[in-house]
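Asks: fold the following for me, if possible:
(one chain, ligands or ions: 1)
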Amino acid sequence: MTELLLDETIIAGLKDALLRKRGEILEASTGTRPLPASLDVNSRQGDLADQASGNNEVHIALKLKQTDAKILQAIEEALVRMEKGVYGICRDCGDPIAPARLNAIPWTRVCIACKQKQNS
Ligand SMILES: [Zn+2]
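Replies: Numbering: from 1, shown residues only. I've put the predicted structure just below:
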């Protein structure tokens, strides 16, 4: 029995969970869904003075909570590891991470033993 190896079905399920969590964080951080572009129908198309006001859209930055930003980063890393085929391997000791732990925290980087070492 190779119980520590993750099969493709499990990986696919965890990838779903990662993508769903990422969507939740992004949706929560932006608050509302993007509004459809409702452009002012301006009959004075040649008016350059109106165009000058269009340069201030930088303030629409994502306001992520710090923890959410960290999880988001970890999710991206987990997705990359899935592509490389090294998902579920502890970053610190190289041992496989227990599937139960991955189910609970799909974006985790380290096994439970290394996590406990970090916290102590
Ligand atoms: Zn480890």
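Asks: lowest confidence element among the helices and strands of this protein?
Replies: helix 48-51 (a mean of 53; mean pLDDT, DSSP states H and E).
Asks: so for the next helix-or-strand element following that one, mean pLDDT?
Replies: The helix or strand immediately downstream of helix 48-51 is helix 66-84, counting by DSSP states H and E. Averaged across helix 66-84, the pLDDT comes to 94.
Asks: list the buried ones in helix 66-84?
Replies: Asp68, Ile71, Leu72, Ala74, Ile75, Ala78, Leu79, Arg81, Met82 (16 or more other CB atoms under 10 Å). (Each C-beta comes from the backbone N, C-alpha and C, glycine too.)
Asks: what are the contacting residues of that helix?
Replies: 11, 14-15, 18-19, 21-22, 25-26, 28-29, 64, 87-89, 106-109 (CB atoms under 8 Å, 6 or more residues apart in numbering).
Asks: which among the buried residues of helix 66-84 gets closest to Gln118?
Replies: Set against Gln118, the nearest of the buried residues of helix 66-84 by CB to CB is Ala74 (13.8 Å).
Asks: how close does the closest one sit to the ion?
Replies: As for Ala74, its distance to the ion is 15 Å (criterion: CB to the ion, to the nearest Å).
Asks: ditto for Ala98
Replies: Distance from Ala98 to the ion, by CB to the ion: 10 Å.
Asks: do Leu14 as well
Replies: Leu14 is 18 Å from the ion, where distance means CB to the ion.
Asks: how deep is that residue tucked in, by neighbour count?
Replies: As a burial measure, Leu14 scores 20 neighbours (other CB atoms under 10 Å).
Asks: give me the nearest residue to it, chain neighbours excluded.
Replies: In space, and not counting its chain neighbours, Leu14 is closest to Pro106: 4.5 Å by CB to CB, 6 or more residues apart in numbering.
Asks: over to Ala17?
Replies: Closest to Ala17 by CB to CB, 6+ apart is Pro106, at 4.8 Å.
Asks: dump the residue contacts of that neighbour.
Replies: Leu14, Ala17, Leu18, Lys21, Ile75, Ala78.
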